[in-house]
Every structure is written in structure tokens, then in C-alpha cells.
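need coordinates for the below:
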Amino acid sequence: MPIMSLTERERSILRWLSEGRRDREIGPLMGLRSRSVTRIVLEICDKLNARTRAQAVCMFIREVTDLDLQDVPDENYSYADHDRARARVHDARVQAG
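Residues are numbered from 1 along each chain as shown. Presented below is the predicted three-dimensional model:
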């Protein structure tokens, strides 16, 4: 199941996890209890066939980055391109709230 087919809430939780937040930090940000966040993370892992939350987060980051870098040719790709792409993803996240 692709990341974009997850619910907005599930994608938001993955975004917070990708930034290193813990369930108990994410809960208040989303108006949820930390146990609810833990349950949702388990549901996300199940939907993505991920064995761990770390694997689910890696899948999220890979898909978000792939969507953002679709038009970058492999032969011209550099670490500077990667850094600029990560900055664009970060800026998009900040604007999304």
C-alpha cells in the first residue's frame, strides 16, 4: 500500500516520527493520547507490511523524497541536490502545518 493511500492522520504521525518525535510527544500535538498514537502506528505498520515503526518511517521518507525528486536525473544527482530536496520537503512540511 503506498504512503499516499494512508489517512491524513496516519501520514501526519509518520511525519512526526520521521522528525524523531515519540508517541508521548505526538499525542498532544494531534489531540490524542500516547496509547492512541501507538495503536495508530501499529495500524500503519500493518497497512504498509512494515515489521517495525522504523521501517514504516523509512518507507515514508523514501516515498516523500521520491515524489520530490522524480525529475532529477540519476547521472546528475549529487549530495547538494539531496540537501536541496530535503530542504524543499522540510519547507513543504512547515507550510502544511
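
C-alpha from now on. contacts and neighbour counts both.
Will do.

what's the local residue count around P2?
Using other Cα atoms under 10 Å as the criterion, P2 is surrounded by 10 other residues.

do I have it right that E10 meets L42?
No: counting by Cα atoms under 8 Å, E10 sits too far from L42 to count as a contact (10.4 Å).

so who does T38 touch?
Contact analysis of T38 by Cα atoms under 8 Å, 6 or more residues apart in numbering lists D23.

where does it land in three-state SS?
Under DSSP: H, G, I helix; E, B strand; the rest coil, T38 falls in the helix class.

count of neighbours near R93?
R93: 12 surrounding residues under other Cα under 10 Å.

should've said R51
Other residues near R51 number 11, with proximity taken as other Cα under 10 Å.

contacting residues for it?
Taking Cα under 8 Å, 6+ apart, we find R51 in contact with C45.

so, low pLDDT: which residues of this protein?
Applying pLDDT under 70 to the chain flags residues 1, 66-86, 96-97.

helices of that one, residue ranges please.
Here the chain has its helices, by DSSP state H, at 8-18, 23-30, 34-48, 53-68, 79-96.

with distance to P2 added, can I get these in JSON lines?
Listed next are these as JSON lines, based on distance: least, Cα to Cα, whole Å:
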{"stretch": "helix 8-18", "distance to P2": "11"}
{"stretch": "helix 23-30", "distance to P2": "22"}
{"stretch": "helix 34-48", "distance to P2": "7"}
{"stretch": "helix 53-68", "distance to P2": "8"}
{"stretch": "helix 79-96", "distance to P2": "18"}
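
my guess is L14 contacts V57. True?
Yes: taking Cα under 8 Å as the definition, L14 is a contact partner of V57 at 6.0 Å.

nearest residue to I44 in space, please, no chain neighbours.
Nearest non-adjacent residue to I44, counting by Cα to Cα, 6 or more residues apart in numbering: E10, 6.7 Å away.

next, count neighbours for the one you found.
Applying other Cα under 10 Å, we find 18 residues neighbouring E10.

all good on my end, thank you.
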